[in-house]
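>>> fold the following, please.
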Amino acid sequence: MKIAVLGGGNGSFAAAGDFALSGHEVRLWRRDADQAAAHRAAGSRILVKDHNGRHDIELALVTTDIAEAASGAELILCPAPAFAQPDIARLLAPHLEEGQVVFLPPATLGSMIFAHAARNAGNRAKVSFAETGTLPWLTRKHGPFEVAITIRAKRLPVGVFPLDQAPRALEVIGRAFPGVIEPCGDALSGALMNAGPIIHPPLIVMNAGPIDHFDRWDIHKEGTQGSIRRVTDALDAERIAVREALGYNAPHFPLAHHYAKDGEIWMYGRGSHDRLTDSGDWRERIVLTEHRYMREDLRLGLSLLVSVGDLARVATPLARAFLAIGGAICGEDFTRGGRTLEALGLDRLGMAELQELLRKGFV
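I've put the predicted structure just below:
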């Protein structure tokens, strides 16, 4: 099928290359004109490296014109960081077409940002927005047109906005990710499956000293010690308590399963943590005040968890603590603003009204 991929980062390159490898017609939208021109001059190709070897893949299109990329696409995939969503949503909104599905893996309730943008642009096309709990690939770029895929997701819990359009949306997404998609309800349920705000804030905050000291640091290897794991599990318990208070059913995909040697299979399958650290791709230079683990997962992801926890009357003390400490590290007040229900324009809705909006969409 025709798929548009938005962005030029790790996830976008993995998506574009992997979809093209599976036989789909892929258009890649890149914001940077010079990078897009260089990519076209290189034949609009991506070299995908995985456990099966090296695959030299040609994309149907590389463009800076988001309308050209999205035109006629059944699926529009945007794996960009949550802090990039408002700008991309505004650019895409006027060009969305009837029946299209916009998939945000993951999104921190970015579905609402894209839906709001379409509404504000006066676009009344019937479009579905969906999000899941993690990026479908553990991946890193190895060059300007080269990407390494360490692991492909085995299970992706997906929430859809509006929920009434879920059957169509899940069918389209399922053709791009055969045998992987698991419905988990509405978009807020999908947002509360996001693993990033659970795994990354403890890693980047509790490793702040060595991150500042060493030029390169693998927080998933040297930084994932028993003490940090216990904090991660406690933070995840807050997420699951919020989900349960909102009436969302199991499976909740607890992050502990990511590390487990047996039991329930997590999103990336068995042994994914060891394969991630063995790859060496996550040994990197980390600037604490700029890294997306801080700017996306902590500031935006945990502010959403706290805000929704307040609505559900569930205490989230660890999430609040990480917001306070992360803000202190960055010299900002992360306890204000962020990706809250207020910032999304949803704070005046009661529980029943929010659930109705999530099910039916904007009337």
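>>> what about the residue most central in space within the chain, distance to residue 123?
The geometric centre of the chain, computed from its C-alpha atoms, lies nearest to residue 106 (Cα atoms, centre = their mean), at 1.9 Å. Per Cβ to Cβ, to the nearest Å, residue 106 is found 24 Å from residue 123. Where C-beta positions appear, they are placed from N, C-alpha and C, glycine not excepted.
>>> residue 91: neighbouring residues, count only.
Using other Cβ atoms under 10 Å, residue 91 has 17 other residues around it.
>>> oh, I was asking about residue 229
Close neighbours of residue 229, defined as other Cβ under 10 Å, add up to 15.
>>> which residues in the stretch 51-200 of the chain form helices?
Taking DSSP state H, counting those that start in this stretch, the helices of the stretch 51-200 of the chain run over residues 66-70, 85-92, 110-120, 166-176, 187-191, 196-206.
>>> list the residues that contact the residue nearest to the centre of the chain.
131-135, 190-191, 193-196 (Cβ atoms under 8 Å, 6 or more residues apart in numbering).
>>> closest to residue 337 out of those residues?
Checking those against residue 337 with Cβ to Cβ, the nearest one is residue 191 at 17.5 Å.
>>> tell me the confidence at the closest residue to that closest one other than its chain neighbours?
In space, and not counting its chain neighbours, residue 191 is closest to residue 109: 4.1 Å by Cβ to Cβ, 6 or more residues apart in numbering. Note on residue 109: pLDDT of 97.
>>> quick one: residue 109 and residue 193 touch, right?
No: using Cβ atoms under 8 Å, residue 109 is not in contact with residue 193, being 11.2 Å away.
>>> least confident secondary structure element in the protein?
In the chain, no helix or strand scores lower on mean pLDDT, DSSP states H and E than helix 272-279, which sits at a mean of 83.
>>> list of residues touching it?
Among residues not part of helix 272-279, those counted as contacts by Cβ under 8 Å, 6+ apart are 138, 140, 148, 150-151, 218, 220-221, 224, 258-259, 266, 282.
>>> now do the buried residues in stretch 1-14.
For stretch 1-14, the neighbour count (16 or more other Cβ atoms under 10 Å) marks 3-14 as buried.
>>> centre of the chain to that stretch, how far?
13 Å (Cα atoms, centre = their mean, to the nearest Å).
>>> now for it, what's the gap between its first and last residues?
17 Å (Cα to Cα, to the nearest Å).
>>> follow-up on the earlier one: which two in the contacts of residue 106 are spaced the farthest apart?
135 and 191 (14.5 Å).
>>> of those two, who's got more company?
residue 191 (28 against 20).
>>> ranges for the strands of the chain?
Using DSSP state E, the strands of the chain run over 2-6, 25-29, 45-50, 53-58, 61-63, 75-77, 101-104, 128-132, 137-143, 146-152, 156-161, 181-186.
>>> that older thread, looking at the helices of the stretch 51-200 of the chain, which is nearest to residue 289?
helix 196-206 (10.5 Å).
>>> what is the mean pLDDT for that closest one?
Mean predicted lDDT for helix 196-206 stands at 97.
>>> and if you look at stretch 125-138?
Stretch 125-138 carries an average pLDDT of 97.
>>> how far off centre is it?
8 Å.
>>> and that stretch, which residues are buried?
127-138.
>>> got the end-to-end distance for that stretch?
Using Cα to Cα, one end of stretch 125-138 lies 33 Å from the other.
>>> export stretch 314-331 to CSV, keeping only CA atoms.
Provided in CSV are the C-alpha atoms of stretch 314-331 (Å, rounded to 0.1, in the frame of the first residue of the first chain):
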residue,chain,number,x,y,z
VAL,A,314,-4.6,8.5,41.6
ALA,A,315,-1.5,9.6,43.4
THR,A,316,1.7,9.8,41.2
PRO,A,317,4.4,10.8,43.7
LEU,A,318,7.4,9.4,41.7
ALA,A,319,6.3,11.0,38.4
ARG,A,320,6.0,14.3,40.2
ALA,A,321,9.4,13.8,41.8
PHE,A,322,11.1,13.1,38.5
LEU,A,323,9.4,16.2,37.0
ALA,A,324,10.8,18.3,39.8
ILE,A,325,14.3,16.8,39.7
GLY,A,326,14.5,16.9,35.9
GLY,A,327,13.4,20.5,35.9
ALA,A,328,16.1,21.3,38.4
ILE,A,329,18.7,19.7,36.3
CYS,A,330,17.6,21.7,33.3
GLY,A,331,17.1,24.9,35.3
